[in-house]
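**Student:** output the structure for:
(chains A and B)
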There are 2 protein chains.
Amino acid sequence: MTAPPSSSLSRTETLSLASLSLACVAVLANTFQGDGAPLVASLALSGLAFAACFALIRWLGPNFMRAGLKGVDLNKHRRREIPECMGGVCAVVYLLVVIVFIPFPFYKDIVAATSGGGNRDVVLQVEHVQQGRLLHRFPQGKLASYLSAIISLQSIALLGIGDDIFDIRWRHKFFIPAFAAIPLLVVYFVDFGVTSIVVPIQLQPYLGQLLDLGALYYLYMAAVAIFSPNSINILAGINGIEVSQSVVIALLLAINDCLYLLTPYPHPATDSHLFSLYFLLPFLGVSLALLWHNWYPARVFVGDTYCYFAGMVFVVVSILGHFSKTLVLLLVPQIFNFVYSAPQLFGLVPCPRHRMPRFNARTGLLEPSFTPWGPERQPRAAVARGLRLLGSLGLLAVRRDEEGRLVETSNFTILNLWLVWRGPLREDRLALEITAMQMAVGLFGLFVRHRLALLIFKEDNWSIVG
Amino acid sequence: MTAPPSSSLSRTETLSLASLSLACVAVLANTFQGDGAPLVASLALSGLAFAACFALIRWLGPNFMRAGLKGVDLNKHRRREIPECMGGVCAVVYLLVVIVFIPFPFYKDIVAATSGGGNRDVVLQVEHVQQGRLLHRFPQGKLASYLSAIISLQSIALLGIGDDIFDIRWRHKFFIPAFAAIPLLVVYFVDFGVTSIVVPIQLQPYLGQLLDLGALYYLYMAAVAIFSPNSINILAGINGIEVSQSVVIALLLAINDCLYLLTPYPHPATDSHLFSLYFLLPFLGVSLALLWHNWYPARVFVGDTYCYFAGMVFVVVSILGHFSKTLVLLLVPQIFNFVYSAPQLFGLVPCPRHRMPRFNARTGLLEPSFTPWGPERQPRAAVARGLRLLGSLGLLAVRRDEEGRLVETSNFTILNLWLVWRGPLREDRLALEITAMQMAVGLFGLFVRHRLALLIFKEDNWSIVG
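**Tutor:** From the prediction side, this is the model:
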């Protein structure tokens, strides 16, 4: 397991990837027989994405090292340099796949429309143009939102890679996702402009059935777009955790989508949820390939690129699918981690460069890492009270000297808190437990969303099936 | 002039850029008064792009050097390292500007449509949806092609930066633009599917008025997309030449667009040429900022990113505007350079790592660089005949020993050939002359396109004005 990382595929790996790819190509070719079957095509392309990403991560390792994209894994007995920023490979493979996929959801429409076909260089009669391919029958709105999603994802990939190369300061990089969200919001504005939300039953007498938030809705979307990528970037520091949490969230979003597709009658939001799947399935493909290499003991690091990219995939599907509230439900562990981190992020408590758990070389286990409080730099009274309260609630490990002065407190991350609760754990065990927690919280969130939503909203499709 | 490059703006520069930005913001704000005036807004945003790019190139220099993105300028007395790959900054600023610009061309349509506005989460009557904002009145096709252009440009930026970081091999990088053209071609397929060309009058009796090329047309577009970026990347090697040739081509394309906009009656291709301007103006903005820093003596290098990006901008506007033949006309010097380079690119003549002109440190001038032929590795007879022919036509400098054996021949690039013709020149003089030649050839090309096209095509709008 700790052999130096090889940059070539083993015989078994080559055979498995080749047969997976062949099967996917066969399935893909088959979708052209019927009416395009875009969901099947998306699945097949996701399989290809997995294979391509798996092989490229392995092959490009040495190139990344040579280009200086490398890092040291601190939580190991034998510290060695491994390639960093492999999320960039995932992003590029993913983008290629979703771009190649564009014709599939529109296959039926293309077949229906290709009888028309006008030449823009030639002066045509106005009637002809109006009934031609350009303006008629073709679901241009769907195409535009699909394209805007790709633009946002490409933007975050570009900016993320810039961040990984130039190591942008924390205060600045916080706003990187905001730039990447611009294309999404601009096209949302041009294309939909839906800024009204359904009002809970209890408030309807005062606000009406729909409330138009106007510009506030764009602020809300921008906030989600900034939060989601950053929150995944903050829940990091041990092998595999960035990817595994993203895989869980993508899986839960996909399950949520399937709930809408499996209704006995066509749901008005079916299209949105199909689109969401078209973006989530290839993401799962490339992420699983990355997870294989990033899981304990990691042979590659993912880089900020991956965290931003993953967060943006969720933002894109939930904003264009108009289910951003559901995304917020699935990000509960990330929200907790962010709120819990706030005292250090906003400077109430000193924030060291790294807050990842501490590796105990003797036991080989991870323990909570601590921030020291010198005897001369004790916290202000209000902060000290807060720390004492957190300590008594079991939300913080607090160490004091005989005179009651603070010696050190555990760092404010969910990973450290988990170790405070569960005691020292091996790195993969910690990642596994956090991932399981994310899954459980998310499933509960979906349950709440679909079962209990009826208490405050009048209509929800899923309720009728249940 | 040869002082070490400073990474801050001078007082004059700060004032100039600030007043330019202010003026542009004022103009931009003013466009909201009328019906949006997208062309004016595009001009204003291009001014802002110039200012932003100018400042960022200066400020980010040290960051690029620290990240290892640096190179040595070989054609100088004092060789020093300067930042490399600054085209990446241009590309990112450019992309941000064209993304922010999206609502402007659609301002009128948005105002007309915002009365509608449907909520996708709510079940609406079918009639309502049909007449609502989603399907009616809005020029979705225009939006989709605009977005696909952005995706192609982002793709080439991503891949170009990858090339600059990883130094991809020549044989592989040749196909980078093909990948970036995929989004364009896919959306072209989904959205227009126009694959017929107007047949010259002389051939119409045999082929009809329009000839549908089908899949061949996509091959043709892919070929243009691969050629344009690579041809600009090949015509490189002295300060400023990559940017100045791109600026000239962009200017000529913009002039061509204006010819269509200045007709006394609305031309059917007006929209295509407006769109072309929306992409060319910001490109001119960022390119001029880059040229300022890259002109002799260069304070930054542009990197492959810029060359690919510039070439792709031309591809995008000419394919979506359906005037790719005009682009080919404007690329005549690049085509000549490529054809002329072919003997070295395809291995008939040995190809050294660098074929840029040789710097004569004594005179401070550039001279043609030569490829040596050892006495034991003389070319094959056919090649020798070809070299002799080129030499006698004045298309190659050939040096022989007393026994008539080849000693060395000048490298096959247009820059070396120019020096063979014109004698040793200073670096900026050479760049200026090549740029002027590009301009003259391009203007002649446009003249041919608009005056002589009538000889072989039945209709051309510009002919009616002249």
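**Student:** going forward, measure contacts and count neighbours with C-alpha atoms only.
**Tutor:** Will do.
**Student:** can you verify my assumption that A:Gly88 contacts A:Asp163?
**Tutor:** No. Using CA atoms under 8 Å, A:Gly88 is not in contact with A:Asp163; the gap is 11.2 Å.
**Student:** who touches both of those two?
**Tutor:** A:Thr305 (CA atoms under 8 Å, 6 or more residues apart in numbering or on different chains).
**Student:** tell me which of the two has more neighbours.
**Tutor:** A:Gly88 (24 against 18; other CA atoms under 10 Å in any protein chain shown).
**Student:** now that one: which helix or strand?
**Tutor:** Using DSSP states H and E, A:Gly88 falls within helix A:87-100.
**Student:** quick check: longest helix of chain A.
**Tutor:** Using DSSP state H, we find that the single longest helix of chain A is helix A:38-66.
**Student:** hang on, the earlier thing: what helices and strands are in contact with the helix holding A:Gly88?
**Tutor:** Identification of packing neighbours for helix A:87-100 by 3 or more CA pairs under 8 Å, 6 or more residues apart in numbering or on different chains; DSSP states H and E yields helix A:38-66, helix A:140-166, helix A:270-294, helix A:303-320, helix B:176-191.
**Student:** what does it contact?
**Tutor:** A:45-46, A:49, A:52-53, A:56-57, A:150, A:153-154, A:157, A:161, A:278-279, A:282-283, A:286-287, A:290, A:301-307, A:309, B:182-183, B:186.
**Student:** now the angle between helix A:303-320 and that helix, please.
**Tutor:** Angle of helix A:87-100 versus helix A:303-320, following axes from the mean of the first three to the mean of the last three CA atoms, to 10 degrees, is 30 degrees.
**Student:** quick one: list the elements packing against the longest helix of chain A.
**Tutor:** Under the contact rule (3+ CA pairs under 8 Å, 6+ apart), helix A:38-66 is packed against helix A:11-31, strand A:81-83, helix A:87-100, helix A:270-294.
**Student:** rounded mean pLDDT for that helix, please.
**Tutor:** For helix A:38-66, mean pLDDT is 94.
**Student:** which parts of the next helix or strand after it are buried?
**Tutor:** Helices and strands here follow DSSP H and E; after helix A:38-66, the next one along the chain is strand A:70-72. For strand A:70-72, a neighbour-count test (16 or more other CA atoms under 10 Å in any protein chain shown) marks A:70-71 as buried.
**Student:** is any part of strand A:70-72 close to chain B?
**Tutor:** No. On the criterion CA under 8 Å from any CA of the partner chain, strand A:70-72 is out of touch with chain B, staying 12.6 Å away.
**Student:** given that strand, what are its sheet partners and their directions?
**Tutor:** strand A:81-83 (antiparallel) (DSSP bridges).
**Student:** what's next to the partner strand, contact-wise?
**Tutor:** A:61-62, A:64-65, A:69-73, A:299-301.
**Student:** 7 Å instead?
**Tutor:** A:61, A:64-65, A:69-73, A:299-301 (CA atoms under 7 Å, 6 or more residues apart in numbering or on different chains).
**Student:** repeat that for stretch A:305-314.
**Tutor:** Applying CA under 7 Å, 6+ apart, the contact partners of stretch A:305-314 are A:85, A:87-88, A:153, A:156-157, A:160-161, A:164, A:225, A:228-230, A:232-233, A:242, A:246.
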